[in-house]
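**Q** here's a sequence, model it:
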Amino acid sequence: MTRHRLSFSHFLLLGASLVVLGASSDVAMAQAAEQGQPAVQDRQASPAAASLGAAPNARPDSADGAASAQATGPATGPRETVASEAAQSLHVASVPQDLRSPSIAMGGLFAAIGGAHLAPDFKTIADSRPDEAPAKLLQDWEAQRRHPDFSIKAFYAQHFSPPLRRDVSYRRKADENIYDYIQGMWGVLTRQPDKPMAYSSLLPLPYAYVVPGGRFSELYYWDTYFTMIGLYETGQWDLLRGMIKDMASLIDRYGHIPNGTRTYYLSRSEPPFFSLMVDLLAQHDGQGAYRDFLPELQKEYDYWMEGADTLKPGQAYRHLVRLSDGTLLLRHWDDLDTPRDESYPEDVATAARASTRAPSEVYRDLRAGSETGWDFSSRWLADGRTLATIHTTDLAPIEVNCLIVHLEQTLEHGYALTGQHKLARLYGQRADERTAIVRRIFWNDEKGAFYDYDWRKGQSTEVLSAATAMPLFLRLASQDQAMAVADTIKTRLLRPGGIMATDHESGQQWDAPNGWAPEEWMAIKGLNNYGASDLGETIARRWMARVIGTYEKSGVLLEKYDVESPGISATGGKGGGEYPMQIGFGWTNGTLLGLMRRYPGDTEQILKHNPLASQAPIDVLPPSDPYSAVGPQVSPAAPAKPAGDVETGGASGTSSKSGTTIPDKAAKGEAGPEKAAPGKTASETSGTPQEAPLNQRVPTAKMTAYQPS
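**A** Modelled structure (predicted):
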């Protein structure tokens, strides 16, 4: 059966966007088995892909580099479900909205505006709201543009309302310390529930939310997790909980969480941190959080794994790649192959410089690069320096493959809590298999680090990045791998202000000499997970000194920092990338609070050197394990041994000198799951030598953002 494309008319009303992803066949079989019913395969295309008009070449392609003309997409068919209560509460039926991106809805008019360079940052144009329906606007433009005195600038000024940008040029008040600044910035960065506006590209949200800052005036996916850390620290439970409900609302309406809450972001997502957000909430609300958001966790998984059941060895389809040995990997993808709306003229110029490549290919890889969250980095560039050589879709990055393991572990725990034990075992089995894949495919033993994997070439890439700490952050690495990563980070990425994003300097913002809050946070937590706490504290101390020292000079917190320079700049140092340095900044604020609480001694010394940033002593939070947390009201007890062996809250096992605990099953050398899920990632089905059972596991309690050093 060919891919079923839903017409745009199905998606014009947000409140009626009810189509979501179906479960994969083996999940459906497990669910049917739980209920004593026969299983029926029921899958469908991503609503975003359907509504946005995915490019014709969005089909399986050969993993050896040549597209397979005979390949067909996974069988799909429509299925409806009830939207969440939050989504229904928006009451947008009377407000017209075209879910196509503006560049598609307005076609040649949008391209003409792009060519006129009417704003320094084209995102301003993409966010502008037309005063009439796109089709009518196109008619007006066609009727006027051939007149000798026609002005595209005047036409834009007449028919578009520029977006409202709240000023975040926040300046320190008299006697205001850094903690007061962050508290004040929550008010600046918080947006109240959206009021739907006709023809706006903004995807309205039913609950208040925090934006990153600057040009980023809507909710962004992976940014939000690190911002939530600060909300957790300051006890803003209602705001944190509401933001997770906003994320769930997006999943219910569109089948996934888009890159950001604009229509032009619907064709892609960002690194899947939703399950970690639920962990965060569970640490306060208890186990009910996993039950409440289990449907959305499943839909999130279905989105990323779409096509896994029918993908053959040597093929790639959307976010998935199956290697010739049967191993299933994830990559980043965007359903469109046109210039990004928010960077339209820049993308056109980039494609023009790639003289040997089709523009659509360049656009697809630029868009997929944006889904990584690292837009852009030498990680995605074939020559390591030139944006026109970007080839994101050829790469399986470390982060997304690790985050899917965490999502599988969370589904395992959620289904165990709800008594669906067959499904719990299925996802626990998949998580174990994928953990083995992370240790095998992404590990470079010669270089002592985890690297992205070029699936077309069948080898690791050459760029060392801070993402090498992601398997440590999620407790997926072996102890030996973790210790090697610690040595590599110390010798190749550590600098006076923290760790660099990569060891390459390309002029892109996610490269040397820049450091970014989420990468610092995950590296510190990951090193602590494996007993390398001295290096973790060193990174934390240097990063806090860089961020607080910059605040002392400038009175603001920034999106990123030059961590290589021995001196501190009021502007944060070198910028790089597609836009100027942004002020705010959500994930910097959130993770800085977390580090200041966990390293009070280092914080005190840093503040002594920066008296204008000084603040009162900080209370250190106790450790917390989300899989066994009990909320403020008594929650049903979690299983005596939470689901899974890799990431659980169980207390069994033997303590090691590093502060970790080896689970009983691992300590006894048991082989783990009896057999793999059909058609999935089991290495025994690949015909290649299998790694020894996961007997080097390091987990005790599930990794969380809030375990102490």
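**Q** just list the residues touching the residue positioned nearest the centre of the chain, thanks.
**A** Centroid-nearest residue in the chain, with CA atoms, centre = their mean: Pro271, separated by 2.2 Å. Counting by CB atoms under 8 Å, 6 or more residues apart in numbering, Pro271 makes contact with Tyr221, Trp222, Thr372, Gly373, Glu399, Val400, Leu403. For every residue, glycine as well, the C-beta is placed using N, CA and C.
**Q** what helix or strand is the fifth one on?
**A** The reference is to Glu399. Glu399 belongs to helix 398-417 when elements are defined using DSSP states H and E.
**Q** check which residues of stretch 510-525 are buried.
**A** Across stretch 510-525, burial judged by 16 or more other CB atoms under 10 Å covers 510-525.
**Q** please flag which of those sit within strands.
**A** Asn514, Gly515, Trp516 (DSSP state E).
**Q** which ones are touching Leu411?
**A** So Leu411 contacts Ser275, Leu294, Leu297, Gln298, Tyr301, Leu423, Ala424, Tyr427 (CB under 8 Å, 6+ apart).
**Q** list the contacts of the third one.
**A** Right, Leu297. Phe274, Ser275, Val278, Tyr290, Leu407, Thr410, Leu411, Gly414.
**Q** which of the residues you listed are buried? Put it as a PyMOL command.
**A** Here is the PyMOL selection string for the buried members of the contacts of Leu297, based on 16+ other CB under 10 Å:
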select buried, resi 274+275+278+290+407+410+411+414
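**Q** next, format the contacts of Leu297 as JSON lines and append pLDDT and distance to Met305.
**A** Shown next, in JSON lines, are those (pLDDT from 0 to 100; distance: CB to CB, whole Å):
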{"residue": "Phe274", "pLDDT": "98", "distance to Met305": "14"}
{"residue": "Ser275", "pLDDT": "98", "distance to Met305": "14"}
{"residue": "Val278", "pLDDT": "98", "distance to Met305": "18"}
{"residue": "Tyr290", "pLDDT": "98", "distance to Met305": "20"}
{"residue": "Leu407", "pLDDT": "98", "distance to Met305": "9"}
{"residue": "Thr410", "pLDDT": "98", "distance to Met305": "14"}
{"residue": "Leu411", "pLDDT": "98", "distance to Met305": "11"}
{"residue": "Gly414", "pLDDT": "98", "distance to Met305": "16"}
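**Q** mind putting the contacts of Leu297 in TSV, distance to Glu462 included?
**A** TSV is the format used below for the contacts of Leu297 (distance: CB to CB, whole Å):
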residue	distance to Glu462
Phe274	31
Ser275	31
Val278	36
Tyr290	40
Leu407	29
Thr410	33
Leu411	35
Gly414	39
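**Q** Gly572: which of the contacts of Leu297 is nearest?
**A** Of all the contacts of Leu297, Gly572 sits closest to Phe274, with 29.5 Å by CB to CB.
**Q** what's the distance between that closest one and Pro258?
**A** When distance is defined by CB to CB, to the nearest Å, Phe274 is 12 Å away from Pro258.
**Q** of the contacts of Leu297, which is the nearest to Ser614?
**A** Of all those, Ser614 sits closest to Val278, with 35.8 Å by CB to CB.
**Q** check contacts around that closest one.
**A** Ile244, Ala289, Tyr290, Phe293, Leu297, Thr410, Pro626.
**Q** could you give the angle of the host helix or strand of it to helix 398-417?
**A** Using DSSP H and E, the element containing Val278 is helix 274-285. Here helix 274-285 points in a direction 50 degrees away from that of helix 398-417 (axes from the mean of the first three to the mean of the last three CA atoms, to 10 degrees).
**Q** distance from the chain centre to helix 274-285, please.
**A** Between the centre of helix 274-285 and the centre of its chain there are 15 Å (CA atoms, centre = their mean, to the nearest Å).
**Q** in whichever helix or strand comes after it, what counts as buried?
**A** Next along the chain after helix 274-285, taking DSSP H and E as the criterion, comes helix 288-292. Neighbour counts using 16+ other CB under 10 Å place Gly288, Ala289, Tyr290, Asp292 of helix 288-292 among the buried residues.
**Q** now for helix 288-292, which elements pack on it?
**A** The contact analysis (3 or more CB pairs under 8 Å, 6 or more residues apart in numbering; DSSP states H and E) places helix 288-292 against helix 274-285, helix 398-417.
**Q** who touches that helix?
**A** For helix 288-292, the surrounding residues in contact (CB under 8 Å, 6+ apart) are Val278, Leu281, Ala282, Leu297, Thr410, His413, Gly414, Leu417, Thr418, Gly631, Ser635, Pro636.
**Q** where does the stretch 601-709 of the chain have low pLDDT?
**A** 615-624, 633-709 (pLDDT under 70).
**Q** again but with the stretch 51-200 of the chain, I slipped
**A** Residue ranges of the stretch 51-200 of the chain with pLDDT under 70: 51-94, 165-174.
**Q** at 80 what do you get?
**A** The stretch 51-200 of the chain contains residues with pLDDT under 80 at 51-97, 164-176.
**Q** show me where it has its helices.
**A** For the stretch 51-200 of the chain, helices defined by DSSP state H, counting those that start in this stretch occupy the ranges 85-88, 102-105, 107-116, 123-126, 134-144, 152-159, 178-189.
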